[in-house]
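Visitor: The following block contains a protein sequence and its predicted model.
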Amino acid sequence: MNTAPLADLGWSRHFQAQITDTTDIPARIAAVHRNGVDALTADGPRRLSVPPGVPPLAVGDWVLTADDRVTGCLDRLSVLNRRAAGTDARDQLIAANVTTLGIVSSCNADFNVARLERYLVLAADAGCLPLVILTKADTADDPRSYQRQAERLSPLLTAITLDATDVEDVARLAPWCRTGETLALVGSSGVGKTTLRNALTGQTAATQAIREDDAKGRHTTTARELVPTVHGGWLIDTPGMRALRLTDVADGIAAVFEDIEDLAANCRFSDCAHDREPGCAVQASIADGTLHPDRLIRWRKLLAEDMRNSESIAEARARDRGFGKMVKEAMSYKRRDRDG
């Protein structure tokens, strides 16, 4: 890779303001490995070690380096994370310092309003611009209908339909990945993220076919990586996510569901459950057809999930211990009844 000014890598005043008298060299994380990180500097790529005490790093992070090791991580402009898979209560970093989150879906059975809302919440809470990219427009009878459905979800987003296999069509994404800009792609497997990556970067990463019965595909991208685009900016492709578990995203939910939040503020009672209470502005909006009841259900579901997933590791373990104790007691009572 040729050398490039720091500004071309995404450096800004935000990061410059964090540097005081130091000789450490700024670098941007391009890939994270178990035994170190790949980074980009003004003088080219470097492999760096990460000593104990440095907080977990994400692709896209800006760090300070000395003697081929990371000495610290600079405060991020944006950070994407999710709750780790399984019963783990920890957060999992997805990417950092992303300008635009490209939420990739397709104009077929993969299109799912609830999933799009989850990604929109992720973008809003992280501080990224949301861009819904609807692929396979060339195979749909009415791709504009998918675009309209997406645009109704939030006034914050831009939605675009395209054919990911058409390089000229994909070039319409250029405004979101120009010099100094970073576009991250997220979405399910099989929606065309790798095909988009190939068109935006000029690379030839392998793609996988999707199943025709449910429009789902296999994982192609297996690791996150910061790569240059042909438009001068940067792209972070992420592995397909079967589940996006959100955590600590109350602000993101409020931003994406601002319509419901505004209605709730006009309810007669401050503790209105938006069910059958008199003077409920939310139910009145449902009654007159301006709010779809399914959107209220999805809002409630995300709020409950965020509250549950945002508990600390200690709280999660305490809850699990309490549940385990209850099960043991129930089994004990059952054995007593059985044994008479």
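Guide: Looks like it came in fine.
Visitor: pLDDT at the residue nearest to residue 269 when sequence neighbours are not counted, what is it?
Guide: Nearest in space to residue 269, with sequence neighbours left out and distances taken as C-beta to C-beta, 6 or more residues apart in numbering, is residue 277 at 5.8 Å. Where you see a C-beta, it was placed from the backbone N, CA and C, and this is true even at glycine. On pLDDT, residue 277 comes in at 92.
Visitor: May I have the residues that are in contact with residue 266?
Guide: residue 281 (C-beta atoms under 8 Å, 6 or more residues apart in numbering).
Visitor: Would you mind measuring from it to residue 81?
Guide: The gap separating residue 266 from residue 81 is 33 Å, by C-beta to C-beta, to the nearest Å.
Visitor: Paired strands for the helix or strand hosting residue 235, with orientation please.
Guide: Per DSSP states H and E: residue 235 is located in strand 234-237. Strand pairing for strand 234-237, using DSSP bridges, gives strand 182-187 (parallel), strand 225-228 (antiparallel).
Visitor: Which among the ones you listed is found nearest to residue 124?
Guide: strand 182-187 (13.7 Å; C-beta to C-beta).
Visitor: chain center to the closest one: distance?
Guide: In terms of C-alpha atoms, centre = their mean, to the nearest Å, the centre of strand 182-187 is set 8 Å apart from its chain centre.
Visitor: which residues touch that strand?
Guide: Residues contacting strand 182-187 (C-beta under 8 Å, 6+ apart): 10, 60, 80, 94-95, 97-105, 119, 122, 128, 131, 133, 173, 176-177, 193, 196-197, 200, 226, 229, 233-238, 240-241.
Visitor: Can you select the buried ones from those residues in PyMOL?
Guide: Of these, the buried ones can be selected in PyMOL as follows, counting by 16 or more other C-beta atoms under 10 Å:
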select buried, resi 10+60+80+94+95+97+98+99+100+101+102+103+104+105+119+122+128+131+133+173+176+177+193+196+197+200+226+229+233+234+235+236+237+238+240+241
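Visitor: Report all helices and strands that the longest strand seen in the chain contacts.
Guide: Assignment by DSSP state E gives strand 25-33 as the longest strand of the chain. The contact analysis (3 or more C-beta pairs under 8 Å, 6 or more residues apart in numbering; DSSP states H and E) places strand 25-33 against strand 36-41, strand 44-48, strand 62-66, strand 225-228.
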